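Participant: here is a sequence with its predicted model. Questions after.
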Amino acid sequence: MGCLDGVRKKYSVVAAGLALFILSWLPLYPLNGEELIREDGTSYVGDLRNGIPNGYGTLIYPSGQKYVGEFKYGKADGKGTLSLPNGTQMVGGFKNSKMHGQAQITTPGGSVIDIQFEFGNVLRIGLVKGDALAMHDLGVMYRDGHGVPQNYKTALRWFNLATEQENAHAMNNLGAMYSNGQGVPQNYKTALKWYTLAAEQGHARAQNNLGLMYSIGQGVPQNYKTALKWYTLAAEQGHANAQANLGLMYRQGIVVPQDYETALRWFNLAAEQENVEVMNILGSMYFNGEGVSQDFKTAAKWYTPVAEQGHVGAQGKLGWMYHTGQGVPQDYKTALKWFTLAAEQGDIRAHNVLGLMYSIGQGVPQDYKTALKWHTLAAEQGDAVAQFYLGSMYAGGTGAPQDNVYAHMWGNIAAVNGNENGNELRDEVAKEMTSSQIEKAQELARECIRKKYIGC
C-alpha cells in the first residue's frame, strides 16, 4: 500500500532543456520567406541563408521550449536565451549547437546559477553564496543528468550543502537517494532520518514518504498509527498520494474504523488531481458497490480516463462493460478496442475474451486464426480456460489443423490446472484415438508442463 515520491517534480526540470541543441540541426521546410517548419511541428522564424537558419531567429518546439538567439549554418551558434515551459531560463553562449562559454540559469524558484561550458561540458559552477535553493536545484540536475552528466555523488554533495541551510526539498531528496541506493549504499534508517527532518518542516512529500516507511516497516518498526499521522498531515496539504494512502487506510480499516465515507472523501480529493490509481479504485468501488450503491455508469466514468492513460485493469473492465452493456451502451467494437489494449499488456482474461470474439465474429469478422493466437497467448501463461479452448480448436479443426493428439494434450493440461471441461474434452477425444496416440498426447502434455506451456 502506498505511493512514494522521491523527486520534487517542480525542480526536476530546472535544466531539462540545456542539452537541447547538442544534436545537429535537422532540415526544415520553408513555409514563406523567413519562416520554416519541421515535420514534428518545430518552427523557426528569422534570418535564413540558403534555406537554413543563419543569423538571428526564434526556434519553438512543440513542447513549448523556445530558443531565441544567433544561428550559424543551421546550428545554434553565438548568444541566445533558452526558455522552458515551467519558467526556467538559460542565457548564454552556444557553439556548433552545444553550450559554450558563460551561461546563467534562472530557476523557477528564482535562484540564479552561473555555469561555464566548453562545447557542452561543464567546467565550473558558481552560486550566489548561501542560496540553498540553487544548491538543491544543482543537486537535481546532477541526479537526473539534466544539462550535466549524471553524477549521484555530486548530487549528494549539493543536496548536503543545501541541507546545511535547512532546505526541506534537499532533505527529502537525500532521503530518496538513501532509500533507493543512488550514489550511496541503500540505507532505510538514514532515509528515515532525512525524511523526518523534512517532514517536521511541513514538507508534504517527505511526510507521505515517511508515512509509507512506517506503514510497511521500512527502516523502522511497522507502526500504522504513526503512518496515519504523517499521511494525514500531507493529505491536508493537498498531497494526492497521501490522500490516496489515507483513503486506503479508511477503506481497509487499518488503525481506524472502516469508514467508506471518509475513504471516498480522500479518494475524490486525490482523483481531482488525476491520481490514476485512485481513479481506478473509485471505478472498482462503484462497479462492485463497495461502500456505495452499485453504479455502473459512475464506474465507467472513472474507468475511462484511467484506461485512456494505459491502465490495463481499467481497460479490461471497460472492455467487459461495453461487451455486456453495463453502465454504457453495448458496443462490441468498443469492447474489442479495450480488450485489445488490455491484451497487448498481457491481460489473460482479455486474451481469452478476444479469442472468443474472433471465434464467433463478435464486433469483428470471424477469424479462427486470430482467435487461436489470443487463446495461445493466454494458455502459455498457464490459463486453464484458454488451454481448454485450444484443445477444443484442435478437436474441431477451427483455426488449426484437426488433431486429436493436441486436443487431448491441451484438454489434459487444462484438467490438471483445474478446468473440468478439460476432463470432458480429453475423455471425449480419447474415444477416437489409438493407445499409441493417447500415449503420445500424454508425453506431449508432460513435456509442455515442463516447458511451462511455452512453444507447445
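Facilitator: Arrived safely. Numbers count the residues shown, from 1 in each chain.

Participant: shaky segments in the stretch 1-150 of the chain?
Facilitator: In the predicted model of the stretch 1-150 of the chain, residues 1-34, 107-109, 111, 120, 122-130, 147 satisfy pLDDT under 70.

Participant: let's go with 80 and repeat that
Facilitator: Applying pLDDT under 80 to the stretch 1-150 of the chain flags the ranges 1-39, 84, 86-88, 97-99, 105-113, 115, 117, 119-131, 146-148.

Participant: and what of the stretch 351-456 of the chain?
Facilitator: Using pLDDT under 80, nothing in the stretch 351-456 of the chain is flagged.

Participant: cool, and the stretch 201-350 of the chain?
Facilitator: For the stretch 201-350 of the chain (pLDDT under 80), the answer is none.

Participant: which residues of it fall in helices?
Facilitator: Assigned by DSSP state H, counting those that start in this stretch, the stretch 201-350 of the chain shows helices spanning 204-216, 224-235, 240-252, 260-271, 276-288, 296-308, 312-324, 332-343, 348-360.

Participant: buried residues in the third one, which are they?
Facilitator: Read that as helix 240-252. 240, 241, 242, 243, 244, 245, 246, 247, 248, 249, 250, 251 (16 or more other CB atoms under 10 Å). C-beta: built from backbone N, CA, C; applies to glycine.

Participant: show me the contacts for the last one.
Facilitator: Under the criterion of CB atoms under 8 Å, 6 or more residues apart in numbering, the contact partners of residue 251 comprise 258, 260, 263, 267, 281, 291.

Participant: equivalent analysis for the fourth one, please.
Facilitator: Contact analysis of residue 243 by CB under 8 Å, 6+ apart lists 235, 266, 267, 269, 270, 273, 275, 278.

Participant: reformat the contacts of residue 251 as JSON lines; add neighbour count and distance to residue 143.
Facilitator: Shown next, in JSON lines, are the contacts of residue 251 (neighbours: other CB atoms under 10 Å; distance: CB to CB, whole Å):
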{"residue": "258", "neighbour count": "13", "distance to residue 143": "40"}
{"residue": "260", "neighbour count": "16", "distance to residue 143": "40"}
{"residue": "263", "neighbour count": "24", "distance to residue 143": "35"}
{"residue": "267", "neighbour count": "27", "distance to residue 143": "32"}
{"residue": "281", "neighbour count": "23", "distance to residue 143": "31"}
{"residue": "291", "neighbour count": "17", "distance to residue 143": "41"}
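
Participant: nearest to residue 81, of these?
Facilitator: Residue 81 has its nearest neighbour among those in residue 267, at 43.7 Å by CB to CB.

Participant: could you check how far the residue nearest to that closest one when sequence neighbours are not counted is from residue 90?
Facilitator: Distances taken as CB to CB, 6 or more residues apart in numbering put residue 247 closest to residue 267, at 4.2 Å, once the chain neighbours are dropped. For residue 247, the distance to residue 90 (CB to CB, to the nearest Å) stands at 41 Å.

Participant: what does residue 403 give?
Facilitator: According to CB to CB, residue 403 and residue 90 sit 67 Å apart.

Participant: when the two are compared, which one has more neighbours?
Facilitator: residue 90 (23 against 16; other CB atoms under 10 Å).

Participant: can you confirm that one is in a strand?
Facilitator: Yes - Residue 90 forms part of a strand when assessed by DSSP: H, G, I helix; E, B strand; the rest coil.

Participant: report the beta-bridge partner residues of it.
Facilitator: residue 82, residue 105 (DSSP bridges).

Participant: how much space separates the nearest residue to residue 291 once chain neighbours are set aside from residue 288?
Facilitator: Excluding the flanking residues, the one nearest residue 291 by CB to CB, 6+ apart is residue 260, at 2.6 Å. Between residue 260 and residue 288 the distance is 12 Å, computed by CB to CB.

Participant: got it, and residue 80?
Facilitator: 57 Å.

Participant: please say which of the two ends up with more neighbours.
Facilitator: residue 80 (23 against 11).

Participant: who touches the more buried one in this structure?
Facilitator: 67, 68, 69, 70, 91, 92, 93, 94 are the contacts of residue 80 under CB under 8 Å, 6+ apart.

Participant: show me what the longest helix along the chain is packed against.
Facilitator: Of all segments of type helix in the chain, defined using DSSP state H, the longest is helix 435-450. Here helix 435-450 touches helix 404-416, going by 3 or more CB pairs under 8 Å, 6 or more residues apart in numbering; DSSP states H and E.

Participant: give me the contact list for the helix it packs on.
Facilitator: Under the contact criterion CB under 8 Å, 6+ apart, helix 404-416 has outside partners 379, 384-385, 387-388, 390-392, 394-395, 400, 421-426, 429-430, 432-433, 437-438, 440-442, 444-445, 448-449, 453, 456.

Participant: what is the neighbour count of the closest residue to residue 229 other than its chain neighbours?
Facilitator: Distance criterion CB to CB, 6+ apart; nearest residue to residue 229, sequence neighbours excluded, is residue 211 at 7.6 Å. Using other CB under 10 Å, residue 211 is surrounded by 31 other residues.

Participant: make sure residue 184 is indeed in a strand.
Facilitator: No - applying three-state DSSP, one finds residue 184 to be coil, outside a strand.

Participant: returning to what we had before: between the buried residues of helix 240-252, which sits nearest residue 138?
Facilitator: residue 241 (26.1 Å).

Participant: wait, what's in contact with residue 266?
Facilitator: Residues counted as contacts of residue 266 (CB under 8 Å, 6+ apart) are 235, 243, 244, 246, 247, 250.

Participant: hang on, isn't the residue nearest to residue 229 packed against residue 230?
Facilitator: Yes - at 3.6 Å, residue 211 counts as touching residue 230 under the criterion of CB atoms under 8 Å.

Participant: find the residues that touch each one of those two.
Facilitator: By CB under 8 Å, 6+ apart, the residues touching both residue 211 and residue 230 are residue 242.

Participant: before we move on, the earlier item: tell me which of the contacts of residue 243 is nearest to residue 319?
Facilitator: Nearest to residue 319 among the contacts of residue 243: residue 278, at 21.2 Å, using CB to CB.

Participant: for the closest residue to the closest one other than its chain neighbours, give me its contacts.
Facilitator: In space, and not counting its chain neighbours, residue 278 is closest to residue 270: 4.2 Å by CB to CB, 6+ apart. Applying CB under 8 Å, 6+ apart, one finds that residue 270 lies in contact with 240, 241, 243, 244, 247, 278.

Participant: ok, now residue 91?
Facilitator: 79, 80, 81, 82, 103, 104, 106.

Participant: any idea how far residue 69 is from it?
Facilitator: Separation of residue 91 from residue 69 (CB to CB) stands at 9 Å.
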